[in-house]
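Trainee: Sequence plus the predicted model coming up.
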There are 4 protein chains.
Amino acid sequence: MGNSFGKLFKITTFGESHGLALGVIIEGCPAGLKIDEAKLIAEMQRRKPGQSKITTQRKEEDEFEIKSGVFEGVTTGTPIGIVINNSDQKSKDYSHISDKFRPSHADFTYFEKYGLRDYRGGGRSSARETAARVVAGAIAKQLLETKGISIQAYVSQVGDLKLEKYHADLDLSQAEENIVRCPDPAMAEEMIELIDSVRKDRDTIGGVVSCVIKNTPVGIGEPVFDRLHAELGKAMLSINAVKGFEYGSGFEGVKMRGSSHNDTFVQDGDKVRTLTNHSGGIQGGISNGEDIYFNVAFKPVATIMTDQESVNEAGEAVVVSGKGRHDPCVVPRAVPIVEAMAALVIADYILLSKSNKLQDF
Amino acid sequence: MGNSFGKLFKITTFGESHGLALGVIIEGCPAGLKIDEAKLIAEMQRRKPGQSKITTQRKEEDEFEIKSGVFEGVTTGTPIGIVINNSDQKSKDYSHISDKFRPSHADFTYFEKYGLRDYRGGGRSSARETAARVVAGAIAKQLLETKGISIQAYVSQVGDLKLEKYHADLDLSQAEENIVRCPDPAMAEEMIELIDSVRKDRDTIGGVVSCVIKNTPVGIGEPVFDRLHAELGKAMLSINAVKGFEYGSGFEGVKMRGSSHNDTFVQDGDKVRTLTNHSGGIQGGISNGEDIYFNVAFKPVATIMTDQESVNEAGEAVVVSGKGRHDPCVVPRAVPIVEAMAALVIADYILLSKSNKLQDF
Amino acid sequence: MGNSFGKLFKITTFGESHGLALGVIIEGCPAGLKIDEAKLIAEMQRRKPGQSKITTQRKEEDEFEIKSGVFEGVTTGTPIGIVINNSDQKSKDYSHISDKFRPSHADFTYFEKYGLRDYRGGGRSSARETAARVVAGAIAKQLLETKGISIQAYVSQVGDLKLEKYHADLDLSQAEENIVRCPDPAMAEEMIELIDSVRKDRDTIGGVVSCVIKNTPVGIGEPVFDRLHAELGKAMLSINAVKGFEYGSGFEGVKMRGSSHNDTFVQDGDKVRTLTNHSGGIQGGISNGEDIYFNVAFKPVATIMTDQESVNEAGEAVVVSGKGRHDPCVVPRAVPIVEAMAALVIADYILLSKSNKLQDF
Amino acid sequence: MGNSFGKLFKITTFGESHGLALGVIIEGCPAGLKIDEAKLIAEMQRRKPGQSKITTQRKEEDEFEIKSGVFEGVTTGTPIGIVINNSDQKSKDYSHISDKFRPSHADFTYFEKYGLRDYRGGGRSSARETAARVVAGAIAKQLLETKGISIQAYVSQVGDLKLEKYHADLDLSQAEENIVRCPDPAMAEEMIELIDSVRKDRDTIGGVVSCVIKNTPVGIGEPVFDRLHAELGKAMLSINAVKGFEYGSGFEGVKMRGSSHNDTFVQDGDKVRTLTNHSGGIQGGISNGEDIYFNVAFKPVATIMTDQESVNEAGEAVVVSGKGRHDPCVVPRAVPIVEAMAALVIADYILLSKSNKLQDF
């Protein structure tokens, strides 16, 4: 279990950090979508290591190949199989930790669960798996663009540097103009400096990615257990290193009173709108047409460049030494992953909402 | 879609706020579990309206009847069907809002999605549906008790009154000793006073429910998309009025550095333990045997006892008047709901983890 | 597992033969469908015991109550919960077999699987469960009628009395004119006589139900594993006592050569039709617009009115005596069950086919 | 939808007949299984084209590569990704039918469903997809071998040449000794002759594959909708060209009376056995420990080497000419496919049955 996401627009991924390849099967993409491969490559570039001085300096080209489901550049309705070869499988790098449990990694839990593990770079538990999500999400994004739906994520916090502005008061297009992907240039510079200083300390730091989805049609979402925000939450919590999710007014909203939290409905032409948007674009689990927005908390990366005490498979005390090339802060590279997962949820939920009324049956 | 939760230990619910009955089908409960109905009733009492001066004064008896799946007091492995009759269907109470969209309720989104709606008390979108979850969760709890797993939730915040203590520094058994369900008696009193004053203002306020799960075996959880905390997050976000979820170090953890956030492994007898527990008992989506703990943010209840501006189905400006008997703050009654959903997730994930190793096949 | 059927139009059933009640939750029925309860009752009458001299003389009224999902006579899009009380729970009738394994029943397998069993009338394994399917299927039928799709099943074989005519050469409306539900009046009389003589021998006999679905739109069905006929096959094989399923040319078709088996395409106005229909209306798992037709084989009912040797839970040799009121041949009452399951499949697959093309996204 | 099979032991396939590659992701295989690649290759050889004079003379090497989920020769519990490159993509071969609907193929239905199609060799609807199933099934078989479960299929009918012997009266090991895979040598020769003469007529013919599963533990199977035989039926009906499925006494059983059809239970040492096995090893949808056996009907292959009338996408009358290298009869190569699907079902259902009793929770 656990390798698939989505019900009708569904992805299933495979692959370990240092195996031969990663891959993904995308099901449910309607036939007739022209795939712009350049956009897929661009999304992969946003996620890939080595893109700036504040990310890991590992080199992974992340070249993918579409093996099926696209004929003459257009989707056929059949599953889209994509393979991403691991060009650089330096498994010898990992022999020094082959029987050690790295602190706050999944080494111990995988070993206990399965009785053995692929210790090379975390194996299946590595964030390398998200490469498969990003290429799938890029296709979902292209699908959503045909309906005018856009998804934009950005870094809103690094350590205790927190961007306090409401998303609508920001120029989100600025987010891609700097290497930390924060749409506020002054804050971006501070964040870059902080990450750089953490890197020099051979340490890591956490952060928050915020995301805004515009133009979701009204009525998308399923009642009760599969509320739109519940699925978005699960999607985000399934990303490596994520510790929290909130949408709309979120954790801050608990301090408010109903009289100021409630979003007043008004008629605006032929549309019903709300004056405020504490609901985060979702009411009763169903989209109301306002911007959907949410925050995703990422912990500091567990791999640090210093020695740490731990135990090994035999229960002996050992020292885990930090080696290799790792991210001092994961949020800049997490931005396209958050967008990818959001796109997958929205695409899936639009498909799920096709026959809510008898006239659409 | 959206009426089922779980994969192997699975519930499916039906029922509207003011229909004839609610109900739930519970699948996957192993055969041979002795059902203690008194405990089921006790859980329902914790959720039911009218239990104290800070909850709604509505009277709902929430009597349930087990229709199947239990023979001579013991589960048979077949689906457990439970029906909760709505004894008191005062649908005339709701005629004044039959075509109005109550602010921050699901009236508008349901109407747009389905083209019509059962306007009586929110219909399917009402939190009354959670009665079905609580009785199902109470059975899951009894199942978990056979393995020594306990689940305890409590109120940790109301408005800006926040209990800053770590769960292990609290006596959680105190939570049920007061009507707000906060395990710190002094804080409890403050919270009760705050809710009472909000009630007198005919307003509502939000809060946070925290939850601790003890004794989950190591190795429970599924990699990648179905990580244990992702499913817990979805479970919590599916509860009415929830706006956020965080586990372990959560949103605060983003401020930390890896060197202090990482949980050091140590050998403790025949067990591997961690010195700290920022991971919240889950690493790589899989339980590591430490306490699982998380927070759930609830917004202020949307129904307030004052007039609010809105629009109706015809797009006309209307006034929605607050009537009836509603909760000024939902968190005291949400405590058993959070526990129920947590119990359902853990029971389900234990079943999912039965054959991870060849020797268990 | 195993209590749900369908993906988008989905039913989940509960209930044992002699428990308090049976029931079903129907999900995915589009909002706005006017429910004609008289038609639901009529379907239940077709299935219910005691309807003629060739069925069991048991009295079960099979009155159902719709508890949710229908408001002012119209579906709301929320789950439809239906409860059928077991008015007549004569559990004492079954004490004589409480520890005995009845031959070719599920007593032994349930006992081994679950370690205990509800021995009253087969418990969950009883065909009484199909009452829940029939009422759900009757709603699916009403949904399909809005698209002009009709489903008609009939008895085509009892013992070795086999109706050799092709369905299109029969007047299927005749099927409901006689108690065995065979559309050929002469054959019907022979079948009735045969069943009656078997009944007098205190024995049982098998039969075949055939089914024709008309006006399924072109393009319904999913490639590869969820082919339309594979799902229809599973649906039918899930009915008690079913041993085989074939569609289109079926088992007879294996004797043919491709040159005569292939269905020639011809243009007929704006439609593509086939001159023959060995494909049974399904090609590559997807409907082609021709009649879908299939056969379902039912074994002789296992309960016979004579003494049989067997063993009990302790492994001792015992005699199982035939008691009670049972069907000498199950196919007349199976006709509405086959139709119900077919309706559920078609409704579900129409929903699944809503966004195959980009223009429908 | 439709590209996955199984619930816990689950496969998801991708790939078209003439795309770059086929592939499969296998989930749920327990960790610790030593993979014998030679056995995987052997299964692929049994399915591959060009293996004898009575199969297609196409050359497809069907070399696969395991990309993930196996580390140092042993499964890790993570998804096993396998890619099979299409070495020989002669898409020009198919230009003559690019807008024509081949009779009794899926060309028309796919075109109507998706609005376009990959016309090269049937695209996704080609039986080439079954290569992915066979390699996955070969892994399932190895898993089942660890529990002593064996699966053996064979050809029991070609055209009207039908092997009337009961499976237990045959030496099934003989099936692989001849090119038609019939365990009766004399009948095998007749069948080979028949297929060869059909081939010379540039025609095709249908057949039946029978299958026997030995040593399934008692208690495997899910009640009601997911009965073991219902899932086996769906699995078989999902194979290209299949028109029917029957298990145990099957369609012949309908002629019997209950008194002779019922399988008498007897105690045999510490086991409960049945004297006869009309039940086909499954009672109430759950295995009883006896041999599971079933028959699968395959229609004559639709591709014949003669001219056929049809229509094209524009609705014009056209002639479809038979070209290329195709099977005159599909059943010899279908034998390993039937076994693969059976292995997948049994592996999945064993996983599903792990916690039926409280003591196994």
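Mentor: Done, it's in.

Trainee: looking only at pLDDT, what's the mean for stretch A:35-42?
Mentor: If you average the pLDDT over stretch A:35-42, you get 97.

Trainee: hang on, residue A:311 in a strand?
Mentor: Yes. Under DSSP: H, G, I helix; E, B strand; the rest coil, residue A:311 sits within a strand.

Trainee: Tell me, what's the model's pLDDT at it?
Mentor: At residue A:311, pLDDT is 97.

Trainee: any idea how far it is from residue C:205?
Mentor: Distance, residue A:311 to residue C:205, by Cβ to Cβ, to the nearest Å: 69 Å. All C-beta atoms are positioned from the backbone trio N, CA, C, and that covers glycine.

Trainee: Same drill for these two, tell me which one is more crowded.
Mentor: residue C:205 (30 against 22; other Cβ atoms under 10 Å in any protein chain shown).

Trainee: The more buried one touches residue D:260, doesn't it?
Mentor: No. Applying Cβ atoms under 8 Å as the test, residue C:205 and residue D:260 come out as separate, 10.4 Å apart.

Trainee: what stretches of the stretch 51-200 of chain A score poorly on pLDDT?
Mentor: The model of the stretch 51-200 of chain A has pLDDT under 70 over residues A:88-93.

Trainee: How about the contacts made by the residue of the stretch 251-361 of chain A found nearest chain B?
Mentor: In the stretch 251-361 of chain A, the residue that lies nearest chain B is residue A:284 (2.3 Å; Cβ to the nearest Cβ). Residues in contact with residue A:284 (Cβ atoms under 8 Å, 6 or more residues apart in numbering or on different chains) are A:221, A:223, A:227, B:105-106, B:109-110, B:125.

Trainee: List just the nearest of these to residue B:291.
Mentor: Proximity of the contacts of residue A:284 to residue B:291 (Cβ to Cβ) peaks at residue A:227, which lies at 27.5 Å.

Trainee: Find me the pLDDT at the closest one, would you?
Mentor: For residue A:227, pLDDT reads 98.

Trainee: what does residue A:294 give?
Mentor: The model's pLDDT for residue A:294 equals 98.

Trainee: Which of the three states applies to it?
Mentor: Reduced to three states with three-state DSSP, the structure at residue A:294 is strand.

Trainee: How about residue A:189?
Mentor: Secondary structure, three-state DSSP: residue A:189 is helix.

Trainee: Please tell me how far it sits from chain B.
Mentor: Taking Cβ to the nearest Cβ, to the nearest Å as the measure, residue A:189 falls 19 Å from chain B.

Trainee: ok, that residue - contacts?
Mentor: Applying Cβ under 8 Å, 6+ apart to residue A:189 gives the contacts residue A:178.

Trainee: next one: the one 10 residues further on
Mentor: Neighbour list for residue A:199: A:54, A:328 [criterion: Cβ under 8 Å, 6+ apart].

Trainee: Distance check, it against residue A:308.
Mentor: In terms of Cβ to Cβ, residue A:199 sits 17 Å off from residue A:308.

Trainee: Residue A:115 now?
Mentor: With the distance defined as Cβ to Cβ, residue A:115 ends up 25 Å from residue A:308.

Trainee: Residue A:127: what's it in contact with?
Mentor: The contact partners of residue A:127, by Cβ under 8 Å, 6+ apart, come to A:239-241, A:330.

Trainee: mind putting the residues you listed in CSV, distance to chain D included?
Mentor: Formatted as CSV, these follow (distance: Cβ to the nearest Cβ, whole Å):
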residue, distance to chain D
A:239, 18
A:240, 15
A:241, 19
A:330, 22
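
Trainee: Any quick ChimeraX command for the buried ones out of these?
Mentor: To isolate the buried members of the contacts of residue A:127 in ChimeraX, using 16 or more other Cβ atoms under 10 Å in any protein chain shown:
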select /A:239,240,241,330
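
Trainee: What is the nearest of the contacts of residue A:127 to residue B:15?
Mentor: Distances from residue B:15 to those, taken by Cβ to Cβ, are shortest for residue A:239, at 34.6 Å.

Trainee: hang on, that closest one in a strand?
Mentor: No. According to three-state DSSP, residue A:239 belongs to no strand; its state is coil.

Trainee: Would you confirm that it contacts residue A:130?
Mentor: Yes. If you go by Cβ under 8 Å, residue A:239 and residue A:130 touch, sitting 6.7 Å apart.

Trainee: rounded to a whole number, what's the mean pLDDT of the helix or strand hosting residue A:13?
Mentor: Element membership for residue A:13, per DSSP states H and E: strand A:10-14. Strand A:10-14 shows a mean pLDDT of 98.

Trainee: so does that strand get close to chain C?
Mentor: No. Interface with chain C: strand A:10-14 contributes nothing (Cβ under 8 Å from any Cβ of the partner chain), its closest point being 11.5 Å away.

Trainee: Can you give the contact residues for the first helix or strand past that strand going along the chain?
Mentor: Once strand A:10-14 ends, the next helix or strand along the chain (criterion: DSSP H and E) is strand A:21-27. Identification of contacts with strand A:21-27 by Cβ under 8 Å, 6+ apart yields A:6, A:9-16, A:69, A:79-86, A:128-129, A:131-133, A:135-136, A:139, D:1-4, D:12-14, D:23, D:25, D:67-68, D:81, D:83.

Trainee: Off-centre distance for strand A:21-27?
Mentor: Offset of strand A:21-27 from its chain centre (Cα atoms, centre = their mean, to the nearest Å): 16 Å.

Trainee: and that strand with strand A:10-14, angle?
Mentor: Here the directions of strand A:21-27 and strand A:10-14 differ by 160 degrees (axes from the mean of the first three to the mean of the last three Cα atoms, to 10 degrees).

Trainee: Packing partners of the longest helix anywhere in chain A?
Mentor: If you go by DSSP state H, chain A has its longest helix at helix A:331-352. Helix A:331-352 sits against helix A:37-47, helix A:130-145, strand A:150-158, strand A:207-214, helix A:228-237, strand A:292-298, with contacts defined as 3 or more Cβ pairs under 8 Å, 6 or more residues apart in numbering or on different chains; DSSP states H and E.

Trainee: Now stretch A:20-38: buried residues?
Mentor: A:20-33, A:35.

Trainee: So which residues on the stretch 51-200 of chain A come close to chain C?
Mentor: Listed as neighbours of chain C in the stretch 51-200 of chain A under the rule Cβ under 8 Å from any Cβ: A:75, A:77-78, A:143, A:146-147.

Trainee: and if we set it to 10 Å?
Mentor: The stretch 51-200 of chain A comes close to chain C at residues A:74-75, A:77-79, A:143-144, A:146-147, as judged by Cβ under 10 Å from any Cβ of the partner chain.

Trainee: Among the residues you listed, which one sits closest to residue B:350?
Mentor: Closest to residue B:350 out of those is residue A:79 (31.9 Å), distances taken as Cβ to Cβ.
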